[in-house]
Structure formats: structure tokens, C-alpha cells
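**Q** can't give you the sequence, but here's the structure:
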């Protein structure tokens, strides 16, 4: 399997920001740039009010609200990367913005809770014109200001779901600058695949701990990694240890068994030119682990693109897939089974293709979808969500498909065709 992609970098110059009495004054961070870690006030585009904590409470369960911007610590939010997105931590309490009861339905309150690293405490800030939508990773719903309360609701272009980020501080100082983005925020148009900056033959698995940036080089297998077949026993080109990040890499043919993640990992701007056995396999043993695929694309997958063998949650976002069997499959017959979850958002799937996600409902698997576009499928033959009864030996049995509000979570507005 192989991949490539072009890094799109966007850097915003620093500028001075002041807090005037009773008002937030600072340079607005352009929504075309990914917000960097730092301190911000979040200003609602409909009301001009700031995201706040009711009564400046420091207690768990205190509801978020919107109120007149005054530079208070309860209106200052620390952004830092976690669980496939960013945490929003209230400066006065050190608690994280969370969804009431880890709910996925519209109208659930947004609260502050002790930071635990769950998907419902992780947010994806996506550009919306000159503003941001603040999208919860766990529910795929948007931060919405409704009167004095702040709730989650389905994402659309309503001004109440648009937020401006402004640098926060107690006096003159540099505005936090946007870090270079490490991948496209939307899938590139069909037919646009990155060109490699050189290539490297790989005769034995490359082990990655920490972070590795491939500089858009093409990596392809030779020797034991060079059969180009569909054998389940092939080693991977890359093996990522728990906590590792691999970015700006193209996997060319033959790609053996692609990439193995042994715990929490991030694949950013990774491209597979010709998927081998699988593009990437999620292993590990912790129910709290996450595998995030952000940006990039894969094509020519005879069967699966992403295989989920261990527990935890896989996030597939800002991704393109072409000529594929299944984009995602929760292992149907692993000798040890777990509950597994997948969140698929902002994905373009071009046929021929069969299934976006296959899950095992008897183990409590869930698959959530949002902003999915399917290309060249006028008859709507691509299955969004297939359901199976998983087993520990033998073959799983197919038991149905389609949205059900329990395991396969999406609505017709989440899927578009072109």
C-alpha cells in the first residue's frame, strides 16, 4: 500500500493584543489557520458574547453560558491538543468543556468537568468563513449558543454556531500564532494526489516512537515487505508505538501491511497510492486509546482500508478514499474481541467502493458519520454502515445495515452525493 500528500502550511504573524476594561481587545485568529495551543476568548458570532462558565463556578457540572466579554478568567480558554482534537480548559477552574452525560443528541448541555481525556472533552475547530465551528469529537455536534445557555446541536451555517477566537491576556503581549497546518483541512479534489519528494525502499519494518515527519517521501517494500499480496501475515512498513505520530508520508506499492499502531497514535497527511493488505491496523489493549487519521487518502484497496483489532476509538477525518472495498472494519473474528468505536467526518469516497464502515453490534460497536460525500454513486449502492455479529473464531454473520440510532449513527443530512 502506498501514499502521498502535500503539506499545506499556514502561518499567521504575531501581533499585539490588549485587554481593555470591560471588553476583549485582540487580533482575531483567521479561521483559515488551525488554532495554535494558547489562551483565547471565544466570541459568538450571533450575539457578540463570550463563552463563559455560569457564575465563574469552579465545580464539576457547572454549565457553560455566554455573557458580556470582560476578560475574566472564566472567559479565558486554554486550547491544547488531545484525543484527535483540542481540549477547551477554563482558566479559572482547570476543568474541561464536556457534553452532559456524554450524550450524542442535539440539545445536550455543555458543561465543565474534570479533564479525563475522553472524546466528549475533545473538540475540532474547523474553519467556517472568517470564524470557527467548534465540533465535539464524541458527538460530532457543534457548540451552539441558545439564549443564555450553551448546548450542542447539529452543525450548519447558523451564526449561533460560529465562534471567533481572540487572543486573551492581562496586558500587552504577543498574540498566539497559528502553527503550520500539517495537512489539508478538507480532502483534496478528486484526481489531485501529491507527488513524492524522492523515495525509499524498505526491507524491514521502520519502528516509530515520538514523531516522524517523512517530508512527503515515498516508502515502498522490498524483500519480506515486497510481495504485494493480500497475506494476513505480512509485516508493516511502519510500526508506531503508543503515543507516536507519523506525518507527511506516501506509501507506494508494494506496501505490505501498511502501518500498525500499537496504542494511541496519529497519522497526519499520510497517503496510500496502492493499498496492500490493509492501509493501517489499530492494535493495542486500552479502551481509552485513540487512533486519528487526519488528512491524506488511500486508493486501490481490494478489501479494507483501516482495520480495527484492539479496543478504543478510531477517528477518520479530512480524508479521501477511491476504489475500495471497506473504508473501516471492526475485526469480525479476532480471538479477543472488544467494543470498538469509529468517528468518520469530512470524507470524500469515490466509487468503485462497497462499504464505509463495518461494525459488530453484539460487542457494542458504534460508527458515527458526518460531512460524508460519495462521488459517482447515483444509485446510492455504497453501504454507509454494515452490521455484523462478531465472533472469536470462524466467520462473522452479516445482520443488517443502515442508521439505527444506537450503533450506526447518522442522518440523511450527513451524507451527500455528487
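**A** Thanks, I have it. Since this is a predicted model, take the numbers as computed values, not measurements.

**Q** Under the pLDDT cut-off, which ranges of the stretch 151-300 of the chain? List them.
**A** For the stretch 151-300 of the chain, the stretches flagged by pLDDT under 70 are 169-192, 226-233.

**Q** Distance of residue 292 relative to residue 137?
**A** 9 Å (Cβ to Cβ, to the nearest Å). Any C-beta I mention is one placed from the backbone N, CA and C, and that applies to glycine too.

**Q** just residue 243 next, same as before
**A** Taken as Cβ to Cβ, the span from residue 243 to residue 137 is 18 Å.

**Q** Pick out whichever of the two has more residues nearby.
**A** Here residue 243 and residue 137 are compared on neighbour count by other Cβ atoms under 10 Å; more neighbours surround residue 137, at 26 against 14.

**Q** Quick check: that one touching residue 315?
**A** Yes - between residue 137 and residue 315 there is a contact under Cβ atoms under 8 Å: 6.8 Å.

**Q** residues near the nearest residue to residue 101 once chain neighbours are set aside, how many?
**A** With Cβ to Cβ, 6 or more residues apart in numbering as the criterion, residue 101 has its nearest non-adjacent residue at 7.0 Å, and that residue is residue 108. The tally of other residues near residue 108 (other Cβ under 10 Å) stands at 19.

**Q** Please name the residues that touch residue 108.
**A** 99-101, 139, 141, 151-152 (Cβ atoms under 8 Å, 6 or more residues apart in numbering).

**Q** give me that answer again for 7 Å
**A** 99-101, 151-152 (Cβ atoms under 7 Å, 6 or more residues apart in numbering).

**Q** what are the pairing partners of the longest strand along the chain, and which direction each?
**A** Secondary structure of the chain read by DSSP state E shows that its longest strand is strand 340-360. In the sheet, strand 340-360 lines up against strand 312-330 (parallel), strand 366-375 (parallel), strand 383-389 (parallel) (DSSP bridges).

**Q** list the contacts for residue 262?
**A** Neighbour list for residue 262: 239-242, 283-284 [criterion: Cβ under 7 Å, 6+ apart].

**Q** And for residue 213?
**A** Residue 213 sits next to 247-248 when contact means Cβ under 7 Å, 6+ apart.

**Q** any idea how far it is from residue 290?
**A** 20 Å.

**Q** Give the rounded mean pLDDT of stretch 98-116.
**A** Averaging pLDDT along stretch 98-116 gives 92.

**Q** Residue 141 - nearest residue in space that isn't next to it in sequence?
**A** In this structure, residue 141 finds its nearest non-sequential neighbour in residue 152, 3.8 Å apart by Cβ to Cβ, 6+ apart.

**Q** For that neighbour, give its distance to residue 324.
**A** Distance, residue 152 to residue 324, by Cβ to Cβ: 31 Å.

**Q** repeat for residue 143
**A** For residue 143, the distance to residue 324 - Cβ to Cβ - is 33 Å.

**Q** In terms of neighbours, single out the busier of the two.
**A** residue 143 (28 against 25).

**Q** so that one sits right up against residue 99, yeah?
**A** No - contact criterion Cβ atoms under 7 Å: residue 143 and residue 99 do not qualify, at 9.9 Å.

**Q** Now do the shared contacts for these two.
**A** With Cβ under 7 Å, 6+ apart, residue 143 and residue 99 have common neighbours 110, 152.

**Q** Is there a neighbour count for residue 158? I'd like the number.
**A** 15.

**Q** Next one: it from residue 399, what distance?
**A** 38 Å.
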